[in-house]
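Enquirer: pasting a predicted model and its sequence here:
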Amino acid sequence: MSTHIEVLESFDSFQSHVSNTFFDMSCVPVENDSGRFQSRIEAREMSKLGVVDITSSAINVFRRKAHMSTIETPQYLVKFQTSGEGLVRQRGQEAHLRPGDFVLCSNTEPYELHFPEFYRQIVLAVPQAALQQAVREPDSFLGQRMAADVGANGLLSQMVHSMGPMLDNMDPLLASKLENNVFDLLATALEHGQTRPRIDNDGVKTEHLFRIKAFIRKHLGDSRLCPDWIAKAHDISTRYLHMLFNDENTSVSRYIQRERVEACKNCFDDPGMDIYTITEIAFRWGFNDASHFNRVFKSAYGITPRQYRQRHHLQG
């Protein structure tokens with residue numbers, strides 16, 4: 001994990017750092033009594049998520065269509081208000097944020113932010129593909145206020161608010177687990193914020209498969225993860241579970257193995273994980289035989305875990 005902290009006392013520096021930290025956008029300062037613009041940005045990169053703690057004087061921010069051409073990685077930005085108030089607009093929705101609230105935005109569509117006074121926000125940058133796997137139709141939440149006093153929203157806000165400084169001195173494997181917990185809690189908060197219409201049989205199958213995949217990703221490191229345990233946890237038969245995955249031309253076991261291998265690869269991509277051996281990482285994600293893991297990894301990526309790690313470090 002990497003951490004960058006910038007204390008900025010000019011608006012031009014702030015505009016430059018915001019664009020470099022996130023992506024292109026236009027910032028317009030709001031006049032204040034002191035006549036000075038002050039800001040502070042703490043940016044942390046985890047294996048999958050980015051965490052940016054940003055404080056500044058009053059400001060308006062615009063992400064316009066003209067900025068869309070510079071998108072490198074489609075992301076959802078989960079904006080947690082920790083002090084002051086903010087107004088967020090996207091897709092015709094308007095969210096008036098108070099401390100503890102959060103809102104979901106997409107960097108692939110225009111949005112605007114308005115902060116009439118000194119404020120602080122913590123922004124969680126989440127790959128769109130990852131959240132779309134974990135939550136059905138996350139775009140339906142864009143621009144909507146997720147109130148702190150509803151469901152798991154407040155608990156998620158508290159966790160995000162407190163985890164930043166802890167990450168700097170945290171064991172990398174523990175930080176990885178915390179990252180997964182935050183992501184899972186985000187998915188839970190959004191899932192429970194949805195109202196679902198009645199669905200037909202095909203929709204029921206899709207719903208079961210969606211929730212089962214999320215359950216598998218959440219428990220990849222658990223030695224109990226197997227078809228029988230998954231079926232029991234979802235109150236379905238093992239036969240029905242296998243049928244769901246057969247319809248996708250795969251099996252439950254192959255899906256679990258694929259997700260575990262990818263989780264290991266993500267750890268190899270993170271320099272903070274270099275203190276752990278390949279075997280330690282493999283066992284962390286549910287493998288229990290080093291030779292088997294090496295074969296599976298090579299089958300998936302064409303090279304051994306050791307070769308992958310060495311090549312990635314040379315490129316870095």
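Expert: Arrived safely.
Enquirer: make it CA atoms for all contacts and neighbour counts henceforth
Expert: Noted.
Enquirer: burial measure for the closest residue to residue 40 other than its chain neighbours, as a count.
Expert: Nearest residue to residue 40, sequence neighbours excluded (CA to CA, 6 or more residues apart in numbering): residue 7, at 4.5 Å. Neighbour count of residue 7, defined by other CA atoms under 10 Å: 14.
Enquirer: so how far is residue 218 from residue 7?
Expert: 37 Å (CA to CA, to the nearest Å).
Enquirer: what do you get for residue 279?
Expert: 21 Å.
Enquirer: re earlier: helix, strand or coil: sort out the residue nearest to residue 40 for me.
Expert: Secondary structure, DSSP: H, G, I helix; E, B strand; the rest coil: residue 7 is strand.
Enquirer: contacting residues for it?
Expert: The contact partners of residue 7, by CA atoms under 8 Å, 6 or more residues apart in numbering, come to 39-41.
Enquirer: so where's the stretch 1-150 of the chain uncertain?
Expert: Within the stretch 1-150 of the chain, the ranges that satisfy pLDDT under 70 run 1-6, 8-9, 32-35, 70-71.
Enquirer: mind listing what's buried along stretch 243-256?
Expert: Under the neighbour-count criterion of 16 or more other CA atoms under 10 Å, stretch 243-256 has 243-245, 251-252, 256 buried.
Enquirer: what comes up buried for stretch 92-104?
Expert: 94-104.
Enquirer: and if you look at stretch 270-281?
Expert: So, applying 16+ other CA under 10 Å, buried residues of stretch 270-281: 270-273, 278-279, 281.
Enquirer: inside strands: which ones of these?
Expert: Using DSSP state E, no member of the buried residues of stretch 270-281 falls in strands.
Enquirer: now these as JSON lines including distance to residue 233 and pLDDT?
Expert: What follows is the buried residues of stretch 270-281, written out as JSON lines (distance: CA to CA, whole Å; pLDDT from 0 to 100):
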{"residue": "270", "distance to residue 233": "32", "pLDDT": "83"}
{"residue": "271", "distance to residue 233": "35", "pLDDT": "82"}
{"residue": "272", "distance to residue 233": "34", "pLDDT": "80"}
{"residue": "273", "distance to residue 233": "32", "pLDDT": "87"}
{"residue": "278", "distance to residue 233": "31", "pLDDT": "95"}
{"residue": "279", "distance to residue 233": "29", "pLDDT": "95"}
{"residue": "281", "distance to residue 233": "26", "pLDDT": "94"}
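Enquirer: of those residues, which is the nearest to residue 139?
Expert: Set against residue 139, the nearest of the buried residues of stretch 270-281 by CA to CA is residue 270 (28.9 Å).
Enquirer: check contacts around the residue nearest the centre of the chain.
Expert: Among the residues of the chain, the one closest to the centroid is residue 126, at 3.3 Å (CA atoms, centre = their mean). Residues near residue 126 by CA under 8 Å, 6+ apart: 48-50, 75-78.
Enquirer: the helix or strand hosting it pairs with which strands?
Expert: Using DSSP states H and E, residue 126 sits within strand 119-127. Applying DSSP bridges, strand 119-127 is found paired with strand 50-56 (antiparallel), strand 75-83 (antiparallel).
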